[in-house]
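Peer 1: Could you look at this predicted model? Sequence included:
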Amino acid sequence: FVHHLEEWRTAFCLDTKPVNAAVETREVRSLQQENDKLKKDLDRKDKALAEAAALLLLQKKFNALWEDEVK
């Protein structure tokens with residue numbers, strides 16, 4: 001209907017922020033902080049996994065060398 005279009009045009013052309021802009025801003029900031037925390041945690045776990053893999057590889061090599069010397 002024409003009156004709906006006029007209401008939509010008026011609402012669209014108004015340059016106002018939503019009433020809950022402060023709440024949305026806090027939520028976005030909170031989500032960004034959580035995302036940063038999760039990224040740091042993931043990086044820490046990736047480094048720990050790489051270290052564990054390197055230690056396991058070194059252990060296998062050491063055991064292989066030890067077995068060769070025993071024989």
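Peer 2: That came through fine.
Peer 1: quick one: E27 from A21, how far?
Peer 2: Plainly put, E27 is 11 Å away from A21 if you go by CB to CB, to the nearest Å. Quick note: C-beta positions are derived from backbone N, CA and C, even for glycine.
Peer 1: so how far is the helix or strand harbouring L55 from its chain's centroid?
Peer 2: Using DSSP states H and E, L55 falls within helix 21-70. Its chain's C-alpha centre and that of helix 21-70 lie 13 Å apart, by CA atoms, centre = their mean, to the nearest Å.
Peer 1: What helices and strands are in contact with that helix?
Peer 2: Helix 21-70 is packed against no helix or strand, with contacts defined by 3 or more CB pairs under 8 Å, 6 or more residues apart in numbering; DSSP states H and E.
Peer 1: for that helix, what is the average pLDDT?
Peer 2: For helix 21-70, mean pLDDT rounds to 92.
Peer 1: Quick one: residues contacting L57.
Peer 2: By CB atoms under 8 Å, 6 or more residues apart in numbering, the contact list for L57 is empty.
Peer 1: how much space is there between it and A64?
Peer 2: Counting by CB to CB, the gap from L57 to A64 is 11 Å.
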